[in-house]
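1. Sequence and predicted model, in that order:
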Amino acid sequence: MTLSDLDRRTLLRATGAAMLLGAGWPAGASQPLFAQGGAALSGEEITLTLSKGHLPIDGKPAAAIAINGSVPGPTLRLKQGQQLRLTVINELDEDASLHWHGLLLPFQMDGVPGVSFPGIPPRGRFTYEFPVTQSGTYWYHSHSGFQELMGAYGAIVIEPAEGMPAAEQVLVLSDHAFVHPAHILHNLKQDSDYYNRQPSTLQGLLQGQGKPLAERLGWAKMRMDPGDISDVSGAVLRYLVNGHGPQEGWNALFTPGQPLRLRVINAAGMSFFNLRIPGLPLEVIAADGQDVRPVSVDELQIGPGETYDLRVTPPDSRAYAFVAESADRSGMARATLAPAAGMKAEFPPLRPRPLLTMKDMGMDMPKGSSMKMTMRDGSLAPQVAMGPGVDMISAMPMDRTGDPGVGLDGLGHRVLTYHDLLALNPMPDTRAPEREVEVHLTGSMERYMWSMDGKTMRSAHDPLPFRTGERVRVTLVNDTMMAHPIHLHGHLFDLVTGQGLHAPRKHTVTVQPGGKASFDVTPEPGDWAFHCHLFLHMAMGMMRVAQVRPAKDMQVHPA
Ligand SMILES: [Cu+2]
């Protein structure tokens, strides 16, 4: 079963199983307690084994899937230019896979069941083999079932062919529930507001908080909630740093006055994080593994699937709080950076919950204009299959790559946007795009349905066709009120942000609610997964296959 194949029957079956299993699977002598954070593995031959057990989160065991007995799995420390043979052993009772997120490789080694290979059957194994051509911070994760949401992920750090290693730490951020992900999905299908425990409706209305009354009534009429930032929240998730829950936290040492590189990976299945270290500027030096001109900020948002390398130079001999606050501010992952073991940092309280704006609905319109009329006008996006799974078409989608993310405007300190990112090296393919492809990110929040162009992965087997080596612009239009981190496998694309030859190169781009984002890309041959990195959105169908073929073999599908 691939995650994208989760149709209704599979879902019901999985949910039934999850219900029977309660918290996932029973704790017992046969179920090992996993380690928090993995050892480093290097070399040309690496073996990774997936197995089930329990992860202690703040002392309480949660059903989990580990790689080599830890969550996260081992950190793969590689060298640019080396060969790599990765043998993956599946000790689970279901099909498994591992995908190397952000790595450029032959598509047969990319690890997506049903797209690039058949998957790894229970008690089977698969050997991936490819050259390591790039350097930087990446990660790997399962692309099967709910395994990633349950802990099947780890970091990849690739040292450049030349260059001295400096002091560094890897921070794998994630989210983990004490209930099975199928149970969460089941609850969302019944009530998409299930984990949005403080809807900004009656109580806030009575207290006169938040939005003005007229606007509130408008939102109510559309049966939407401006507080709907995340569909899965701290009500059910615990936010982890390197497998450590927020009460326990994770600790790292630094030498005062010396620069320290933090390789931050967002491996969360369902959460955006806002990162900051109160009292310490963050110098962004790489995004998605690619060097950028250093830019100093006080805070930045990281979407699921993205990585950022941050350089910090703590001046004082005191403990600093690394805060990864979930974007809906329902919880935080915590790390302490200190010059000596045992020091405690002061963590700030969660900030007030942000609210969505009209801009997040793709309608930055003057007051008094009618919202209802333009909420679902299919003529604005002819390729979108209008059906019950599409409850909105952005009327006026704006390029929002210059926005810092929901709730991060007007904080009074510097917050990173994609516009601040400039690639250190100019882009390798400087051709102007020959054509443009528009892909709509669509959904129905109420029905918890997610799709691209109104079609789910399951309903639309026709892939998105590309020609090998063409230069193409892909524009993503977000017709929903949630941010979606969209990931293209096996490629680095050049984000269109007005930076010319120094456009930032990425593998994952967050498209803000009601907004749009464009990238230019030179497609590599093969079949590549292209999907939202919120795993439950992908499971419900926000995924397509980018099919790249030589021009002579192109089959153009009618729209
Ligand atoms: Cu999504």
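-> That came through, no problem.

2. count of neighbours near the closest residue in space to Pro32 that isn't next to it in sequence?
-> Of all residues not flanking Pro32 in the chain, Gly53 sits nearest, at 4.1 Å (CB to CB, 6 or more residues apart in numbering). To be clear about C-beta, it is placed using only N, CA and C from the backbone, and glycine gets the same treatment. A count of nearby residues for Gly53, using other CB atoms under 10 Å, gives 19.

3. contacting residues for the residue nearest to Pro550 when sequence neighbours are not counted?
-> Take Pro550 and drop its neighbours on the chain: the residue closest to it by CB to CB, 6+ apart is Thr468, 5.1 Å away. Residues in contact with Thr468 (CB atoms under 8 Å, 6 or more residues apart in numbering) are 523-525, 548-551.

4. how about 7 Å then?
-> 523, 525, 548-550 (CB atoms under 7 Å, 6 or more residues apart in numbering).

5. Can you give me the distance of it to Arg311?
-> For Thr468, the distance to Arg311 equals 38 Å [CB to CB, to the nearest Å].

6. Put the alpha carbons of the helix or strand harbouring Ser518 into CSV.
-> Following DSSP states H and E, one finds Ser518 within strand 515-521. Extracted in CSV, the C-alpha atoms of strand 515-521 (Å, rounded to 0.1, in the frame of the first residue of the first chain):
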residue,chain,number,x,y,z
GLY,A,515,-1.4,32.7,-2.6
LYS,A,516,0.8,31.5,-5.4
ALA,A,517,4.5,30.7,-6.0
SER,A,518,6.5,29.9,-9.2
PHE,A,519,9.6,28.0,-9.9
ASP,A,520,11.7,27.3,-13.0
VAL,A,521,13.0,23.8,-13.4
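
7. And the contacts of that strand?
-> 397-401, 433, 471-478, 491, 493-496, 509, 511.

8. The residue in the stretch 101-250 of the chain positioned nearest to the ion: what secondary structure?
-> Residue nearest to the ion within the stretch 101-250 of the chain (CB to the ion): Asp231, separated by 9.0 Å. Under DSSP: H, G, I helix; E, B strand; the rest coil, Asp231 falls in the coil class.

9. quick one on the thing from earlier: hang on, the residue nearest to Pro32 packs against Pro61?
-> No: with contact defined as CB atoms under 7 Å, Gly53 and Pro61 do not form a contacting pair (8.7 Å).

10. Overlap of the contact sets of the two?
-> Leu33.

11. Export the one helix or strand Leu536 maps to to CSV, keeping only CA atoms.
-> Per DSSP H and E, Leu536 falls inside helix 535-540. Only the C-alpha atoms of helix 535-540 are listed here, as CSV (Å, rounded to 0.1, in the frame of the first residue of the first chain):
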residue,chain,number,x,y,z
PHE,A,535,1.5,13.6,5.0
LEU,A,536,-2.3,13.4,5.6
HIS,A,537,-2.9,15.8,2.7
MET,A,538,-0.7,13.6,0.5
ALA,A,539,-2.6,10.5,1.8
MET,A,540,-5.9,12.1,0.8
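
12. And it, what does it pack against?
-> strand 449-452 (3 or more CB pairs under 7 Å, 6 or more residues apart in numbering; DSSP states H and E).

13. again, only using 8 Å
-> helix 181-190, strand 449-452 (3 or more CB pairs under 8 Å, 6 or more residues apart in numbering; DSSP states H and E).

14. close to the ion, is the shortest one?
-> Same thing as strand 449-452. No: using CB under 5 Å from the ion, strand 449-452 stays clear of the ion, coming no nearer than 5.8 Å.

15. How about that strand, which residues are buried there?
-> Going by neighbour count (16 or more other CB atoms under 10 Å), the buried part of strand 449-452 is 449-452.

16. Give me the contact list for the helix holding Leu536.
-> By CB under 8 Å, 6+ apart, helix 535-540 touches 3-4, 6, 146, 148-149, 181, 184-185, 188, 231-232, 269-270, 304, 443, 448-451, 456-457, 484, 531-532.

17. same thing with stretch 471-478?
-> With CB under 8 Å, 6+ apart as the test, stretch 471-478 has contacts from 362, 381, 394, 397, 429, 431-441, 466, 484, 486, 493, 496, 509, 511-523.

18. picking that back up, from what I can see the residue of the stretch 101-250 of the chain closest to the ion touches Arg447, true?
-> No: the pair Asp231 and Arg447 fails to qualify as a contact (CB atoms under 8 Å) at a distance of 12.0 Å.

19. Close to the ion: what parts of the stretch 351-500 of the chain are there?
-> His484.

20. How about the stretch 351-500 of the chain: which residue is closest to the ion?
-> Proximity of the stretch 351-500 of the chain to the ion (CB to the ion) peaks at His484, 3.5 Å away.

21. Which pLDDT value belongs to that residue?
-> His484 carries a pLDDT value of 98.

22. Which one of Asp231 and Arg447 is surrounded by more residues?
-> Counting neighbours by other CB under 10 Å for Asp231 and for Arg447 shows that Asp231 has the greater number, 21 against 15.

23. Identify the residues contacting the more buried one.
-> By CB under 8 Å, 6+ apart, the residues touching Asp231 are 188, 192, 195-196, 270, 445, 448, 482, 534, 536.

24. ranking those residues by neighbours, who comes first?
-> In those, the most neighbours by other CB under 10 Å go to Leu534, 27 neighbours.

25. what's the offset of stretch 232-244 from the middle of its chain?
-> 14 Å (CA atoms, centre = their mean, to the nearest Å).

26. With only the CA atoms kept, save that stretch in PDB.
-> Taking Å, rounded to 0.1, in the frame of the first residue of the first chain, the C-alpha atoms of stretch 232-244 are listed here in PDB:
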ATOM      1  CA  VAL A 232      -3.600  18.700  13.400                       C
ATOM      2  CA  SER A 233      -2.500  20.500  16.500                       C
ATOM      3  CA  GLY A 234      -0.800  20.300  19.900                       C
ATOM      4  CA  ALA A 235      -4.100  18.900  21.100                       C
ATOM      5  CA  VAL A 236      -2.900  15.500  19.900                       C
ATOM      6  CA  LEU A 237       0.700  16.000  18.800                       C
ATOM      7  CA  ARG A 238       3.900  16.300  20.800                       C
ATOM      8  CA  TYR A 239       6.600  18.400  19.100                       C
ATOM      9  CA  LEU A 240      10.100  16.800  19.200                       C
ATOM     10  CA  VAL A 241      13.700  17.800  18.700                       C
ATOM     11  CA  ASN A 242      15.800  14.700  17.900                       C
ATOM     12  CA  GLY A 243      13.200  12.500  19.400                       C
ATOM     13  CA  HIS A 244      12.900  14.400  22.700                       C
END
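
27. for that stretch, which positions count as buried?
-> Result for stretch 232-244 [16+ other CB under 10 Å]: buried residues 232-234, 236-244.

28. tell me which residues in the longest strand anywhere in the chain are buried?
-> The longest strand of the chain (DSSP state E) is strand 45-57. The neighbour-count check on strand 45-57 (16+ other CB under 10 Å) flags 46, 48-57 as buried.

29. Same list, those residues, but as CSV with distance to the ion and pLDDT please.
-> Shown next, in CSV, are the buried residues of strand 45-57 (distance: CB to the ion, whole Å; pLDDT from 0 to 100):
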residue, distance to the ion, pLDDT
Ile46, 31, 98
Leu48, 27, 98
Thr49, 30, 98
Leu50, 25, 98
Ser51, 29, 98
Lys52, 27, 96
Gly53, 29, 97
His54, 29, 97
Leu55, 25, 97
Pro56, 30, 97
Ile57, 25, 97
